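1. Model the structure of this input:
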Amino acid sequence: MRQVRELIEEYSDYKPILSARHDFHSFWSHALQELDRIELNEKAEIIDYPIKQIQCEKVTYRGAYGTPIKGVFLKPKRREQNLKCLIFFHGYNSSKGSIAQYMQWLIQDYAVLAVDYRGMGETGDDSCYGSGTLGSWATQGLLDKKEYYYYKVYLDCKRAIDYCLTRPEINPHKICLIGSSLGGGIALAVAALDSRPQLVVADVPNMCDLELAIQIKTEGSLVFIENYLARYPQYTEKVFENLSYFDNVNFASNIKSQVRLSVALKDAVCPPKTIFGVYNLIPSEKTIEIYPFSTHNAPGSQEHIDKTLHYINTNL
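-> From the prediction side, this is the model:
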């Protein structure tokens, strides 16, 4: 374990140099102002589901540029007021999944909002992209930061908080953002953009220390950005400049929520050094779970699932 301890010590001391441009904060402030001018136009429709102890609703709200974002809102039937709410963000090229997978929370009287990102699951994407057509959302619109796919997704997911706060049964002081991989990266960015969530659980998060991550990862969505740069090397400086607006290294100092991260030291998708780099820059109350011999699927282990249940029950 000596080598593991030394590696953790090295990563625990790592503080990446910020890549934020001079207008980083004004860029996002203006983006939020533009988002606020779009009517949320929230809709909910109760749907039938085999588990009769819960109420299930298909929901839609308007995200960036007015795109309809779809998801499910779930709550226990036995309790109608003062519910704590978990907002779930899924992984890359995935979806919100089955309603049944949220039962461990619903039986404890949590409410759940789970959303599909634009272009994934049940949510469509009516955007036009002028660049980045290499078969990956990670490169769509990469040459224009306001056209970039993750610009829209970050704002779409920030709106999930707005939706939750329209629900009278939700306690506005008991909201948690939770996600793994891309979902973990989005949870961190959204927490930086909106201070209302009290808790953030970001497992093996993506979108961390992107310049380093693109250099050292060997799997995952960031491979597509590397492939894009290999094909179009003339855009290298422009791409990294634009990516700096979506890097959690630059968002970290704005996070006010209590945060728990996790990291797997054998992770080839979201390299552990990049996650430590973001963690070390977060100023709020925080903790990190470290799995020395696990890969990117560490959050799916039974030990980690049980730790997450305990952490959220204790802190939300």
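
2. just the strands in the stretch 101-250 of the chain please.
-> 110-115, 170-180, 199-203 (DSSP state E, counting those that start in this stretch).

3. Would you convert these into a markdown table that also reports mean pLDDT, mean neighbour count and distance to residue 68?
-> Glycine gets a C-beta too; all of them are placed from N, C-alpha and C. Putting the strands of the stretch 101-250 of the chain into a markdown table (pLDDT from 0 to 100; neighbours: other C-beta atoms under 10 Å; distance: least, C-beta to C-beta, whole Å) gives the following:
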| stretch | mean pLDDT | mean neighbour count | distance to residue 68 |
| --- | --- | --- | --- |
| strand 110-115 | 98 | 26 | 11 |
| strand 170-180 | 98 | 21 | 21 |
| strand 199-203 | 98 | 27 | 26 |
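
4. how about those in JSON lines, adding distance to residue 187?
-> Shown next, in JSON lines, are the strands of the stretch 101-250 of the chain (distance: least, C-beta to C-beta, whole Å):
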{"stretch": "strand 110-115", "distance to residue 187": "12"}
{"stretch": "strand 170-180", "distance to residue 187": "4"}
{"stretch": "strand 199-203", "distance to residue 187": "5"}
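
5. closest to residue 244 out of those strands?
-> Evaluated over the strands of the stretch 101-250 of the chain, closeness to residue 244 peaks at strand 199-203, with 19.6 Å, by C-beta to C-beta.

6. Please work out the angle formed by the directions of that closest one and strand 170-180.
-> In terms of direction (axes from the mean of the first three to the mean of the last three C-alpha atoms, to 10 degrees), strand 199-203 departs from strand 170-180 by 10 degrees.

7. Tell me which of the strands of the stretch 101-250 of the chain approaches residue 188 most closely.
-> strand 199-203 (5.1 Å).

8. How about exporting that closest one as PDB, limited to the C-alpha atoms?
-> The C-alpha coordinates for strand 199-203 follow below in PDB (Å, rounded to 0.1, in the frame of the first residue of the first chain):
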ATOM      1  CA  LEU A 199     -25.800  18.700  -1.200                       C
ATOM      2  CA  VAL A 200     -23.900  17.400  -4.200                       C
ATOM      3  CA  VAL A 201     -22.800  13.800  -4.800                       C
ATOM      4  CA  ALA A 202     -20.500  13.600  -7.800                       C
ATOM      5  CA  ASP A 203     -19.000  10.200  -8.400                       C
END
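
9. Which elements pack onto that strand?
-> The elements that strand 199-203 packs onto, with contact taken as 3 or more C-beta pairs under 8 Å, 6 or more residues apart in numbering; DSSP states H and E, are strand 170-180, helix 182-193, strand 258-264, helix 302-315.

10. Tell me who's in contact with the closest residue to residue 19 other than its chain neighbours.
-> Closest residue in space to residue 19, ignoring its immediate chain neighbours: residue 244 at 4.1 Å, by C-beta to C-beta, 6 or more residues apart in numbering. The neighbours of residue 244, taking C-beta atoms under 8 Å, 6 or more residues apart in numbering as the test, are 19, 20, 21, 24, 210, 250.

11. Tell me how many other residues surround residue 214.
-> Per other C-beta atoms under 10 Å, the neighbour tally for residue 214 reads 18.

12. and the nearest residue to residue 56 once chain neighbours are set aside, how far is that from residue 76?
-> Using C-beta to C-beta, 6+ apart and skipping the chain neighbours, the partner closest in space to residue 56 is residue 49 (4.4 Å). Distance of residue 49 to residue 76, given as C-beta to C-beta, to the nearest Å: 13 Å.

13. just to revisit the earlier point, so of the helices and strands packed on strand 199-203, which one's packed in deepest?
-> Most buried of the helices and strands packed on strand 199-203, by mean neighbour count (mean count of other C-beta atoms under 10 Å): helix 182-193, with a mean of 28.
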